[in-house]
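1. Would you be able to build a 3D model of this:
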Amino acid sequence: SRQTYDSFYLHGKRDKGDFPEISTAELVKAAATSLTENSLKLVPEREAEFHLITKLQKHRESGHNAQLDLWFLLNPQRPLSLANSISCGIPQHSLGWMSTSVKPAVAHAMLSATVQRMLKDDNECTLVVSAMSGEGTVEIEATDYGGGFFVIAGEKSESVAQKNRFRLARLKNSKGKTMPLVDMVLWDAQNLPIRSDVVDVFVADLPFSGSQAKKHQTPTTSTKSSTEQALDYRSVMVNAVRSLRSGGKAALISADTKALVHSVGRLHWRTSDSIQKINLGGLNAQVLIMDKLEPCYKDLSVWIGTQDTGSPPVKDLSEIVLSQAQQCISNISLDELLEIKEYVIDSKQGITPLVTHVKLIDEYFHTKSQRLSHCYRMFLDSNLTNNQAKFVEKKIRKFLLEHPVEGISGFR
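-> Model (predicted):
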């Protein structure tokens, strides 16, 4: 069956030495007349989906007769998207040469550096979050990794989410193999409705910081009159760190490289890999692979009992140390940007304690002084950075010195 396309822009080329009597404009005009007679729609370059290039040259074999060659190309000024690939009958996994927001090859590499690496290292990978689904490239590429995990893909636009749902359903029926479960939801990536420490892999294709649209995907769209909240990279990163479990991975890509690098700092994760100069709609983008660190902990080494009285040492004071530590920092917590903030005790509601539990990890008897020493490990909130953990430890040490605990005679 004949494949029909929407619109074309016509280019003309000629060998000036062999055909000096005809101009390029005349060649294009003659070709356009012939094409319009065959019901092909010719439009300006910016509006065309495809380019037709005509080239007039001598016949390669005879060298005398004229030969007209035609090339059929995608319009690089108006890239074909996943949204209209179905209507054009183009396989959805053959889109690597298209200039979309995230090319399938790039999305595949991001998943390979996160999902595949975790599966290769025998780590559990059950929940993958695509924070900004867009055209669903990440979800489509995730189908290559089987059905061992669940994908939550979020998008602000309801119409886009519906198109992605239809596209994935069609792909599932055509591939005929096990695919991960994908749930399309409506959300804002700056305020994810996901519990803390549950996500294994977090993937995000970020538009320019401060914008309401992906400018590398729709460069002519004006957002000055939009009433939507401008994108804040820091809010997205905070939600990523909060939702990731310890040992989880995040793959982040953006053409706004300065904003991307700046926004990932001062959070409880580290950059394990960085890929630069990725072609993203003609712009140089950067991919960052982030690993969330294990929760911080701080150790307290204290003397048990008193040297003068020789009182019998207490076996374990973990619960007492935990109670005192939580009382000391009861008025501080992490705010919505994961920064330490002090609250008025009367007004605070539902503040999560920064010290989760305390464990006795070692004891030592000093033979010369005949004193027993305990080492207690304080496990802190999983989102606290090391600098924040040092601040909390300092406050607790100062509090224990000012408010002595029965059974503890001092710090070592």
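2. is it true that K277 touches L283?
-> No: K277 lies out of contact with L283 (CB atoms under 8 Å); the separation is 10.1 Å. Backbone N, C-alpha and C define where each C-beta goes, glycine included.
3. So between these two, which is more surrounded?
-> Applying other CB atoms under 10 Å to K277 and L283 shows that L283 carries more neighbours, namely 16 against 8.
4. distance of that one from S254?
-> Per CB to CB, to the nearest Å, L283 is found 10 Å from S254.
5. got it, and E342?
-> With distances taken as CB to CB, E342 is found 34 Å from S254.
6. These two: who's more crowded?
-> Neighbours per residue (other CB under 10 Å) separate E342 from S254, with S254 holding more: 27 against 10.
7. In the chain, mark out all the helices, start to finish.
-> Along the chain, counting by DSSP state H, helices occupy 24-37, 82-85, 104-111, 117-120, 137-141, 158-175, 233-243, 257-263, 318-328, 386-402.
8. Tabulate the CA atom coordinates of the fifth one in PDB.
-> Read that as helix 137-141. Extracted C-alpha coordinates of helix 137-141, given in PDB (Å, rounded to 0.1, in the frame of the first residue of the first chain):
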ATOM      1  CA  THR A 137      10.900   7.300  25.300                       C
ATOM      2  CA  VAL A 138      12.200   6.000  28.600                       C
ATOM      3  CA  GLU A 139       9.200   3.800  29.100                       C
ATOM      4  CA  ILE A 140       9.500   2.300  25.700                       C
ATOM      5  CA  GLU A 141      13.200   1.600  26.100                       C
END
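9. The helices of the chain: which one's closest to L338?
-> For the helices of the chain, proximity to L338 was assessed by CB to CB; helix 233-243 is nearest, at 5.2 Å.
10. So which elements touch the closest one?
-> Helix 233-243 sits against strand 199-206, strand 244-254, helix 257-263, with contacts defined as 3 or more CB pairs under 8 Å, 6 or more residues apart in numbering; DSSP states H and E.
11. Recalculate using a threshold of 6 Å.
-> If contacts are counted by 3 or more CB pairs under 6 Å, 6 or more residues apart in numbering; DSSP states H and E, helix 233-243 sits against helix 257-263.
12. The helix it packs on: which residues count as buried?
-> 257, 259-260, 263 (16 or more other CB atoms under 10 Å).
13. How about stretch 146-154?
-> Those would be 149, 151-154, for stretch 146-154 by 16+ other CB under 10 Å.
14. Give me the subset of the residues you listed lying in strands.
-> Using DSSP state E, the subset of the buried residues of stretch 146-154 located in strands is 151-154.
15. which of the residues you listed lies closest to V358?
-> Nearest to V358, judged by CB to CB, of these is I152 at 34.6 Å.
16. mind checking how far S330 is from K395?
-> For S330, the distance to K395 - CB to CB - is 11 Å.
17. what's the closest of the helices of the chain to Q67?
-> Each of those was scored for nearness to Q67 using CB to CB, and the closest is helix 24-37 (12.8 Å).
18. Against which helices or strands is that closest one packed?
-> Here helix 24-37 touches strand 8-14, going by 3+ CB pairs under 6 Å, 6+ apart.
19. Nearest residue to T126 in space, please, no chain neighbours.
-> Spatially, and ignoring its direct neighbours in sequence, T126 is nearest to F149 (5.2 Å; CB to CB, 6 or more residues apart in numbering).
20. Was I right to think that neighbour contacts V129?
-> No: look at F149 against V129 with CB atoms under 6 Å: they stay out of range, at 10.7 Å.
21. hang on, the earlier thing: now do the contacts for the residue nearest to T126.
-> 125-126, 128, 180 (CB atoms under 6 Å, 6 or more residues apart in numbering).
22. Just the pLDDT for it.
-> The per-residue pLDDT reported for F149 equals 86.
23. could the ones in strands among the buried residues of stretch 146-154 go into TSV alongside distance to V321?
-> Below are these laid out as TSV (distance: CB to CB, whole Å):
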residue	distance to V321
V151	42
I152	39
A153	44
G154	41
